[in-house]
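Q: any chance you could fold what I've pasted below:
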Amino acid sequence: CGYIGILLYGSGQAVNKIGGVLVTNSEKLLSSFSEDFFYKELVYADLKFVPEGGTEIELADLIINLEDVILAIQLKERNERDRTQDKNVEEKWLKKKCKKAKEQIKDTILFINNEKVSFINARGKETKINPSAEIVPLVVFENVSISEYEHLLRSHTADGLSVNCMSIDDFQLMCQELVSPIEIIEYVKWRKAFYEKNGVINLLITETKKGFFLSKPQKQETLVHQYLYEQYGDDVLAENNFYYELFRQYVSVLYEHIEMVSEPNGCYEVVKFLAHLFRDEIRCFVERVEKAFVIAKRKRFELVGTLRNSQKEYAMVFTATEQGEQIPSEKLLSGVFEKQKVHTLLQIITYWIDDDEYRIDFVLWQDNRSI
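A: Now for the predicted structure:
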């Protein structure tokens with residue numbers, strides 16, 4: 001069987017580019033945020049295509065494609081020269097643009113569901129879009145003159161579409177608080193349901209085991225904290241994001257440090273798998289990787305730990321090795337996981353080249369085929 005070996009070099013020195021990229025166009029800025037938080041393998045910004053017998057059509061400004069679920073983003077930008085200090089004028093502009101954005105989002109959903117389309121991601125790789133994917137719409141606007149806005153663009157007809165709306169600053173804050181592409185998408189879905197149920201809420205008081213915390217959902221996307229509390233409980237509110245930043249660094253540099261790939265699209269498959277991990281899974285992932293590094297540094301070479309998710313039918317194995325030795329996937333499936341149904345198996349193999357340089361190899365197995 002073939003396999004994929006993707007190597008990471010260095011000692012955790014990779015850094016994100018947020019705040020370090022000088023851009024003047026908000027569309028480029030949105031794409032930059034997306035590449036940092038969603039990874040380039042998942043980001044598609046050039047969404048023009050020509051249907052058979054038709055003329056060129058441009059879909060949403062940006063889609064984040066996880067194959068089973070797609071985040072479709074429509075961006076609306078207010079030209080700086082046209083901005084005013086008149087609140088009514090700016091709100092009228094936003095209302096008009098949001099109406100147009102909703103129609104563009106609806107067209108995007110229609111074409112993805114009914115056309116066989118493929119687009120090129122930010123890595124330059126062409127990928128076919130799954131017409132059966134769940135499509136989650138989001139309108140993002142750039143207008144510094146607007147500080148208050150409707151967070152949910154509600155449908156006024158039975159066949160209409162209710163769509164989340166946020167400023168580009170709030171979009172960035174959301175991405176910074178949430179640490180996983182799939183969790184960002186799940187939050188956008190949760191956010192829509194929250195506003196549909198509760199309407200506009202200026203002050204939210206939440207009782208926890210440690211007392212109360214107050215937030216203003218309409219300000220700086222603080223509703224994220226309510227989502228995290230509901231998903232993970234009290235401790236997440238004071239959690240250190242070190243593990244999650246480290247995980248982002250692992251994934252964001254995968255492509256640049258590929259040394260050997262058994263299949264042309266191997267890196268994409270690994271990134272796609274990692275992009276589906278939630279916050280609690282990511283923390284466990286990084287803890288085991290860091291533990292494996294420590295053990296390998298002490299010249300102890302062993303199976304360090306596993307992660308299993310019976311509902312998603314995946315398993316991960318973490319090993320500390322001397323030179324990146326791989327355990328045959330068939331051996332792991334017949335031994336360690338013989339009593340579990342495993343659809344996807346990922347080996348994370350850690351080892352040191354010298355005292356300062358480490359490597360991580362990924363070996364991904366899916367449904368009786370190795371990648």
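Q: and the biggest helix by length in the chain, what's its mean pLDDT?
A: Assignment by DSSP state H gives helix 87-114 as the longest helix of the chain. Per-residue pLDDT values across helix 87-114 average out to 90.
Q: buried residues in that helix?
A: 90-91, 93-94, 97-98, 101-102, 104-106, 108-109, 111-112 (16 or more other CB atoms under 10 Å). Using the backbone N, CA and C atoms, a C-beta is placed for each residue, glycine as well.
Q: likewise for stretch 184-198?
A: Buried-residue list, stretch 184-198, by 16+ other CB under 10 Å: 184-188, 190-192, 194-195.
Q: three-state assignment of the closest residue to residue 162 other than its chain neighbours?
A: Here the nearest residue to residue 162 in space, its sequence neighbours aside, is residue 155; by CB to CB, 6 or more residues apart in numbering that works out to 4.7 Å. The assignment at residue 155 comes out as coil when based on DSSP: H, G, I helix; E, B strand; the rest coil.
Q: where does residue 155 land on pLDDT?
A: Value listed for residue 155 in the pLDDT field: 85.
Q: residue ranges with poor pLDDT in the protein?
A: Scanning the chain with the threshold set as pLDDT under 70 gives 1-26, 257-264, 339, 368-371.
Q: and if we set it to 50?
A: For the chain, the stretches with pLDDT under 50 are 1-24.
Q: gap between the two ends of stretch 72-81?
A: Length of stretch 72-81, first residue to last, CA to CA, to the nearest Å: 28 Å.
Q: the residue nearest to residue 162 contacts residue 196, correct?
A: No. In this structure, residue 155 is not within contact of residue 196 by CB atoms under 8 Å, at 9.7 Å.
Q: okay, and the common contacts of those two?
A: Residues touching both residue 155 and residue 196 (CB atoms under 8 Å, 6 or more residues apart in numbering) are residue 162.
Q: picking up where we left off before, nearest to residue 38, of the buried residues of stretch 184-198?
A: residue 184 (7.4 Å; CB to CB).
Q: I figured the closest one hits residue 176, correct?
A: No. Shown here, residue 184 and residue 176 do not form a contact pair, counting by CB under 8 Å, at 10.4 Å.
Q: so what sits against both of the two?
A: residue 37.
Q: what about the residue nearest to residue 162, distance to residue 99?
A: 12 Å (CB to CB, to the nearest Å).
Q: can you give me the strands in the stretch 251-371 of the chain?
A: All strands of the stretch 251-371 of the chain, identified by DSSP state E, counting those that start in this stretch, fall at 258-260, 302-309, 314-320, 344-352, 358-366, 369-370.
Q: need these in a markdown table (columns: mean neighbour count and distance to residue 28).
A: Compiled in a markdown table, the strands of the stretch 251-371 of the chain are given as follows (neighbours: other CB atoms under 10 Å; distance: least, CB to CB, whole Å):
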| stretch | mean neighbour count | distance to residue 28 |
| --- | --- | --- |
| strand 258-260 | 13 | 26 |
| strand 302-309 | 16 | 37 |
| strand 314-320 | 22 | 35 |
| strand 344-352 | 21 | 33 |
| strand 358-366 | 22 | 31 |
| strand 369-370 | 15 | 38 |
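Q: which one of these lies closest to residue 334?
A: Nearest to residue 334 among these is strand 344-352; the distance by CB to CB comes to 11.5 Å.
Q: what angle separates the closest one from strand 358-366?
A: With axes from the mean of the first three to the mean of the last three CA atoms, to 10 degrees applied, the angle from strand 344-352 to strand 358-366 works out at 160 degrees.
Q: show the subsequent helix or strand relative to the longest helix of the chain.
A: The helix or strand immediately downstream of helix 87-114 is strand 118-120, counting by DSSP states H and E.
Q: residues contacting the closest residue to residue 174 other than its chain neighbours?
A: Spatial nearest neighbour of residue 174, excluding adjacent residues (CB to CB, 6+ apart): residue 221 at 4.8 Å. Going by CB under 8 Å, 6+ apart, residue 221 touches 166, 170-171, 173-174, 177.
Q: part of a strand, is residue 221?
A: No. Assessed with three-state DSSP, residue 221 is coil; it does not lie in a strand.
Q: look up how far residue 74 lies from it.
A: From residue 221 to residue 74 the distance is 18 Å (CB to CB).
Q: quick one on the thing from earlier: and of the buried residues of helix 87-114, the nearest to residue 333?
A: residue 112 (35.1 Å).
Q: so how far is residue 131 from the closest one?
A: 6 Å.
Q: repeat that for residue 30.
A: On the measure of CB to CB, residue 30 and residue 131 end up 25 Å apart.
Q: higher neighbour count, these two?
A: With neighbours defined as other CB atoms under 10 Å, residue 30 and residue 131 compare such that residue 30 has more, 22 against 12.
Q: quick check: phi and psi at the more buried one.
A: phi -60, psi -40 (degrees, to the nearest 10).
Q: partners of the residue lying closest to it once chain neighbours are set aside in the sheet?
A: Counting by CB to CB, 6+ apart, residue 30 lies nearest to residue 75, which is 5.5 Å off, once chain neighbours are set aside. For residue 75, the beta-bridge partners under DSSP bridges are residue 140.
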